[in-house]
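# Sequence isn't available, so here's the structure alone:
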Ligand SMILES: *Cc1c(COP(=O)(O)O)cnc(C)c1O
């Protein structure tokens, strides 16, 4: 018999009833250190007082109005994002998937209106993840995500990760855009080197094609800059955002330059819930916190601590781990033991980590994690690694 919940997830037998900062509390009272943060969603941890206040204040005043009307919190958040980034304009969504949908539509409309309707192809990379809609799975293209769901949305071409020649020869006069995650999340915390991102930008400029960055997972302070592409000193034409921007409230956005967005006139796109007052009130509080003086500096300092500690862990357990990779507080432990064993052992040690492709265990702690919590995280990860090592022996 099919369960009441469609069984598309293999769920751990844990059910949390409360969150406090970097901690999740189980129904039986056990306290788990949360290094997954809802897969980079709870950027400011659980029940951050500022977010709780923003949400409850807005909830007392007004939950929802249609985008037929002005929404002050949406206007404020858009203006903040425009002030802090490359973007001239923003559309709000409720998820990363919806941001992917709009990014694809925006590119197609841009070239349609520019009199180049043959330019419809978007180049993407193996190991990427762009969401679960028909466009999202077609964009990522992996067999795991697409098998059985055909016919797939046409217009995507998948290239090997980090192969510059393959990319160069894939560009032709049908190419509309390149879509890439500066740091692949689901793909196993694979960071695109800054030089590659710069190279991609040059290639786009040479051929008049648009650069779409998917910063759904790596954005909003995760790498120690507001957005990961800032490290490379280049900016995209279109950027997909979600996860951390809402700090736990479903919120996403597409940021774009005026030129990339030029086709998106009144009536060409919309969303019932996108940009609703609750989500945008929380989004403003998240962005104000992350952009406050010194916040990202602290993220970078703590990222250094965490990375150093993880290097020590790898050295201590060479049978379990091979290396540390990633950027900022978006870190991956490449495992020698099965990554799922490490995740499982983490449950035993009351520390939550998340598996990713390439046998990687992801660490995406709240950006607000404290030094003491980082030390505690390491103690618990050490305990988990010892469990895995003992099982293997
Ligand atoms: C999570 C994720 C998405 C999809 O976001 P949803 O909110 O789950 O729809 C898209 N791209 C990347 C890089 C992601 O990590």
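Received the coordinates, thanks. These numbers were taken from a predicted model, which means no experiment stands behind them.
# Going by C-alpha atoms from here, please, whenever you check contacts or count neighbours.
Will do.
# nearest spatial neighbour of residue 365, skipping sequence neighbours?
residue 35 (4.1 Å; CA to CA, 6 or more residues apart in numbering).
# okay but the one you found is in contact with residue 22, surely?
Yes. Assessed by CA atoms under 8 Å, residue 35 is found in contact with residue 22 at 7.5 Å.
# and residue 304, what is it in contact with?
Residues near residue 304 by CA atoms under 8 Å, 6 or more residues apart in numbering: residue 328.
# Which helix or which strand is home to it?
helix 295-316 (DSSP states H and E).
# and if you look at residue 201?
Using DSSP H and E, residue 201 falls in helix 194-207.
# what does that helix contact?
Under the contact criterion CA under 8 Å, 6+ apart, helix 194-207 has outside partners 162, 168, 177-178, 182, 210-211, 229, 231-236.
# now swap in stretch 2-16 and tell me
Stretch 2-16 is contacted from outside by 24, 25, 26, 27, using CA under 8 Å, 6+ apart.
# Out of those, who's the most crowded?
Neighbour counts for those (other CA atoms under 10 Å) peak at residue 24, which has 24 neighbours.
# Who is that one paired with across the strands?
Residue 24 has these beta-bridge partners by DSSP bridges: residue 19, residue 32.
# what's the helix or strand for the closest residue to residue 317 other than its chain neighbours?
Leaving aside its chain neighbours, residue 317 sits nearest to residue 385 (6.9 Å; criterion: CA to CA, 6+ apart). Following DSSP H and E, the helix or strand that holds residue 385 is helix 371-392.
# Now find how far off-centre stretch 222-238 is within its chain.
Chain-centre distance of stretch 222-238: 13 Å, with CA atoms, centre = their mean, to the nearest Å.
# Of the contacts of helix 194-207, which pair is most distant in space?
The most widely separated members of these, counting by CA to CA, are 168 and 231 (23.2 Å).
# More neighbours: which of the two?
Using other CA under 10 Å as the criterion, residue 168 and residue 231 rank with residue 231 on top: 16 against 11.
# ok, that one - contacts?
For residue 231, the contact set (CA under 8 Å, 6+ apart) comprises 194, 225.
# rewinding a little: what's around the residue nearest to residue 317, how many residues?
Residue 385 has 27 nearby residues by other CA under 10 Å.
# That one touches residue 345, doesn't it?
Yes. Between residue 385 and residue 345 there is a contact at 7.3 Å, judged by CA under 8 Å.
# Now render the contacts of stretch 2-16 as JSON lines, adding pLDDT and distance to the ligand.
Converted to JSON lines, those look like this (pLDDT from 0 to 100; distance: CA to the nearest ligand atom, whole Å):
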{"residue": "24", "pLDDT": "98", "distance to the ligand": "21"}
{"residue": "25", "pLDDT": "98", "distance to the ligand": "24"}
{"residue": "26", "pLDDT": "97", "distance to the ligand": "24"}
{"residue": "27", "pLDDT": "92", "distance to the ligand": "26"}
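# shared neighbours of residue 35 and residue 22, anything?
Joint contacts of residue 35 and residue 22 (CA under 8 Å, 6+ apart) are 365, 366.
# Between those two, point out the one with more neighbours.
residue 22 (27 against 24).
# who touches that one in this structure?
Contacts for residue 22 were tallied using CA under 8 Å, 6+ apart; they are 33, 34, 35, 37, 45, 46, 365, 366, 368, 369, 373.
# any idea which of these is closest to the ligand?
residue 37 (12.4 Å; CA to the nearest ligand atom).
# OK, contacts around that closest one?
22, 43, 45, 364, 365, 366.
# Contacts only, for the spatially most central residue of the chain.
Nearest to the mean C-alpha position of the chain, by CA atoms, centre = their mean, lies residue 217 at 1.0 Å. Residues counted as contacts of residue 217 (CA under 8 Å, 6+ apart) are 39, 40, 185, 241, 242, 243, 244.
# Let's verify it: helix, strand, or coil?
coil (DSSP: H, G, I helix; E, B strand; the rest coil).
# now it: how far from the ligand?
4 Å (CA to the nearest ligand atom, to the nearest Å).
# rewinding a little: dump the contacts of helix 194-207 into CSV; add secondary structure as well.
CSV is the format used below for those (three-state DSSP):
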residue, secondary structure
162, coil
168, helix
177, strand
178, strand
182, coil
210, strand
211, strand
229, helix
231, helix
232, helix
233, coil
234, coil
235, coil
236, coil
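# just the residues you listed: which has the poorest pLDDT?
Lowest-confidence member of the contacts of helix 194-207: residue 162, scoring 83 (pLDDT).
# which residues sit in contact with that one?
With CA under 8 Å, 6+ apart, residue 162 has these contacts: 192, 196.
# how far away is it from residue 96?
Separation of residue 162 from residue 96 (CA to CA, to the nearest Å) stands at 24 Å.
# Residue 381 now?
With CA to CA as the criterion, residue 381 and residue 96 are 30 Å apart.
# Regarding the residue nearest to residue 365, what are the backbone dihedral angles?
The phi/psi pair for residue 35 (degrees, to the nearest 10) reads phi -100, psi 20.
# still on that earlier bit, can you tell me which of the contacts of residue 217 are in strands?
Among these, the members falling in strands are residue 241 (criterion: DSSP state E).
# Which ones among the contacts of residue 217 lie within helices?
Secondary structure from DSSP state H places 39, 40 of the contacts of residue 217 in helices.
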